[in-house]
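1. Just the structure for this:
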Amino acid sequence: MDHSEPATVPANTTKTKRGPARFGFWIGVVVAIVIVCFFVGSFFLDGFLRPRLQARMNAALKGYRVTLGHAHFQIVTLGLTLRRLTLRQTAHPSPPVADFPVMRFRVQWSALIHGRVVGNVELWRPRVYVNQPQLVAEAKSNTSLRQRGWQDALAAAYPFEIDRFAVYDGYIVYIDSGHAKPLQIEDLNFVSDNIRNVREPNNVYPSTFTGTMGLFGPGRLKVDGRANYLMKPYPGMIAKYAVTKVPLGAITPATQHVNVVINGGSLASEGSIEYSPRLTSVKVHDARIDGVDLTYVHLARTQQAESRRIATVGKKVQEGNNRPATDIYANTLEIRRSRLTYKSQDSDPPYLLFIDSANLAITNFSNHAEHGASGLDLTGRFMGSGTTHIHGTFVPAGRGPEFAGRAAVVNTKLTALNPLLRAEGRIDVAQGSLSLYSQVSVKNNHITGYVKPLFADVEVYNRKKDKNMSVLQQAKRMVAGAAAHLLKNQKTQQVATDVDLSGNLKNPNVSTLQAFVQVVQNAFVKAILPGFDREVGPMKQQ
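-> Numbers count the residues shown, from 1 in each chain. From the prediction side, this is the model:
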């Protein structure tokens, strides 16, 4: 047997192994204590930090002020959390423009790989409130919204450049007036990354963004695109969009300021948008409006404003025609199962002109002639009875309006036009029908075409209807009815006269929209009302 004694371990060897372990342990303890001290100490800075951040942000803003409920800076992670941040417009401080319950800033540690120190900002449940007085004050201000100092205010709160911006569960509301239903955008979620072009710096649009939101109740909007926030003089972006079930009636509080009242209807559309200093491009794959009741209200007090509005819109459209930096294209625009109305509110009496059961399709719409002619097709019932079909084409030639079209309106009940006839100083009718055929073209500032109104079975006097009228009024109607009978074609029981609309536009520099309005007015003044006068003309001599 081997009775040799076991080898002994030197005492100093054990101490040597324990030494580094103990040293590491105490280093860890010291680091932990330092971290805890920093963590605890950061809370003592809150009272000192809040008023100074509030003052710095207000110094950066123009026309707006903020109040800050609480601020906490986390020394260990270099994070900053702001709570109960409220933004008010100086001109109209109540109600506040926005409330931010929680706003968090964080260092984006992954960007250190690229040698950049940037941060993230997250807004949780932000609430934005805008009313009509605040909107008007902003529009009248000499300082644009982009020059209000928003970025400087963020920089005053957090010194690092923001590379990622996120909004979670946002809410935006616009209140036009006290009795109007608010316009609400709910469930707003938006994230944009690589704002400072840390990655893909050579890409035209290196930043990414995506967003979803609810529009006015059942409507939904989704956007997905890329951007370059560092473009000069303003950021650029390109995005695909899709909207569904947007209730159009909700925007009446806004549209009524331009004499448009919308009831019912929904919008759905898909397409893409590019907006940058070098290009503005809107490409609509399709847009569909269903079941809308749209009324344009003409008022005496807004007559001049309406004329200016048409001229301004027409001028803007004309300026954009064939402009290389502006590209607008719509494959299909549709209005289905709708009612389109013109209302003359201040006439005596007021009257309506409308097409119900309207189906309107516009195809190949563009502001560039190289895309070819755009098509328009409208069917419906004029005044609820006259079968209507209008077909036309128009070209954004850029050298003046150019369009051509033909229209047919068959068997409109004249009784539906009685308010119009009375407002224009004519006598209303007891029965009868109006049919109208027209073909018109405008090119090189010259109008070519005709309008043919046909009146049939016109009866001005109706004994049962007019039994409460005075004897003199009844006599006038009897004479008018007899005159209409004598003027009728005895075979067709119709009266028809072609009216030539040929001539030059009053102003050769008008837009297509203005030219179209002029043609409609000519048809109304030269054909329809004179045709009715020929029907009942002898009555006016009584």
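2. Geometric centre of this protein: which residue is closest?
-> I251 (9.1 Å; C-alpha atoms, centre = their mean).
3. Surely that residue is in contact with G219?
-> No: assessed by C-beta atoms under 8 Å, I251 is found out of contact with G219, at 10.6 Å. Bear in mind the C-beta positions are built from the backbone N, C-alpha and C, glycine included.
4. Let's verify K316: helix, strand, or coil?
-> Secondary structure for K316, judged by DSSP: H, G, I helix; E, B strand; the rest coil, is helix.
5. Same question for R422.
-> Applying three-state DSSP: R422 is helix.
6. surely it meets P349?
-> Yes: using C-beta under 8 Å, R422 makes contact with P349 at a distance of 6.0 Å.
7. Quick one: distance of the host helix or strand of A361 to the chain centre.
-> Using DSSP states H and E, A361 sits in strand 351-366. Here the centre of strand 351-366 is set off from its chain's centre by 19 Å, with C-alpha atoms, centre = their mean, to the nearest Å.
8. Neighbouring strands - and their directions - for that strand?
-> strand 326-344 (antiparallel), strand 374-382 (antiparallel) (DSSP bridges).
9. Let me have those strands in TSV, extended by mean pLDDT and distance to D500.
-> Listed next are the strands paired with strand 351-366 as TSV, based on pLDDT from 0 to 100; distance: least, C-beta to C-beta, whole Å:
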stretch	mean pLDDT	distance to D500
strand 326-344	94	25
strand 374-382	95	23
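10. pLDDT wise, what is K17 at?
-> Here, the pLDDT recorded for K17 equals 52.
11. Likewise for the one 3 residues further on?
-> pLDDT for P20: 62.
12. can you dump the C-alpha coordinates of stretch 375-392 into PDB?
-> Taking C-alpha atoms only, stretch 375-392 is exported to PDB below (Å, rounded to 0.1, in the frame of the first residue of the first chain):
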ATOM      1  CA  GLY A 375     -64.000  60.900 -69.900                       C
ATOM      2  CA  LEU A 376     -67.200  61.900 -68.100                       C
ATOM      3  CA  ASP A 377     -70.400  60.000 -68.000                       C
ATOM      4  CA  LEU A 378     -73.500  61.000 -65.900                       C
ATOM      5  CA  THR A 379     -76.900  59.300 -65.700                       C
ATOM      6  CA  GLY A 380     -79.800  60.100 -63.400                       C
ATOM      7  CA  ARG A 381     -83.200  61.700 -63.200                       C
ATOM      8  CA  PHE A 382     -83.400  65.500 -63.600                       C
ATOM      9  CA  MET A 383     -85.900  66.900 -61.000                       C
ATOM     10  CA  GLY A 384     -86.800  63.300 -60.100                       C
ATOM     11  CA  SER A 385     -88.500  62.500 -63.500                       C
ATOM     12  CA  GLY A 386     -86.400  63.500 -66.500                       C
ATOM     13  CA  THR A 387     -84.200  60.600 -67.700                       C
ATOM     14  CA  THR A 388     -80.700  62.200 -68.000                       C
ATOM     15  CA  HIS A 389     -77.600  61.100 -69.800                       C
ATOM     16  CA  ILE A 390     -74.500  63.400 -70.100                       C
ATOM     17  CA  HIS A 391     -71.400  62.200 -71.800                       C
ATOM     18  CA  GLY A 392     -68.300  64.200 -72.500                       C
END
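13. Could you list the buried residues of the strand holding A361?
-> Of the residues in strand 351-366, those buried under the neighbour-count criterion (16 or more other C-beta atoms under 10 Å) are Y351, L353, F354, I355, D356, A358, L360, I362, F365, S366.
14. Give the rounded mean pLDDT of it.
-> pLDDT averaged over strand 351-366 gives 94.
15. Other residues contacting it?
-> 328-344, 371-384, 388, 396, 417, 419-420, 422-423 (C-beta atoms under 8 Å, 6 or more residues apart in numbering).
16. Restricted to buried residues, select these in PyMOL.
-> Filtering the contacts of strand 351-366 down to the buried ones (16+ other C-beta under 10 Å) takes a single PyMOL command:
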select buried, resi 328+329+330+331+333+334+335+338+339+340+341+343+344+373+374+376+377+378+380+381+382+383+388+396+417+419+420
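17. packing partners for whichever strand or helix holds Y171?
-> Y171 is part of strand 161-175 when elements are defined by DSSP H and E. Strand 161-175 sits against strand 118-124, strand 127-131, strand 183-193, with contacts defined as 3 or more C-beta pairs under 8 Å, 6 or more residues apart in numbering; DSSP states H and E.
18. Now tabulate these in a markdown table and tack on mean pLDDT.
-> Listed next are the helices and strands packed on strand 161-175 as a markdown table, based on pLDDT from 0 to 100:
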| stretch | mean pLDDT |
| --- | --- |
| strand 118-124 | 92 |
| strand 127-131 | 93 |
| strand 183-193 | 95 |
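19. Student question: in this protein, what's the helix or strand with minimum average pLDDT?
-> helix 471-487 (a mean of 46; mean pLDDT, DSSP states H and E).
20. Okay, now the unreliable bits of the chain?
-> Along the chain, the parts satisfying pLDDT under 70 run over 1-45, 76, 112, 178, 396-400, 425-426, 461-498, 505-542.
21. go with 50
-> 1, 38, 42, 463, 471-472, 475-476, 478-480, 482-495, 538-542 (pLDDT under 50).
22. and D169, how far is that from R127?
-> Going from D169 to R127 by C-beta to C-beta, to the nearest Å gives 10 Å.
23. of these two, who's got more company?
-> The residue with more neighbours, out of D169 and R127, is R127; 16 against 13, by other C-beta atoms under 10 Å.
24. check contacts around that one.
-> A98, D99, F100, P101, G170, Y171, I172, V173.
25. what do you get for P277?
-> M231, K232, P233, Y234, G236.
26. and S385, what is it in contact with?
-> N411, T412, K413, A416.
27. show me where this structure has helices.
-> 11-44, 46-60, 132-140, 150-157, 252-255, 303-320, 418-423, 471-487, 512-523, 529-536 (DSSP state H).
28. what residues does the shortest one touch?
-> Read it as helix 252-255. In contact with helix 252-255 (C-beta under 8 Å, 6+ apart) are residues Y174, D176, S177, A180, K181, L183, V260, V261, I262, N263.
29. what's the answer for the fourth one, then?
-> Identification of contacts with helix 150-157 by C-beta under 8 Å, 6+ apart yields L53, R56, M57, A59, A60, L61, V66, L80, L82, F105, V121, I162.
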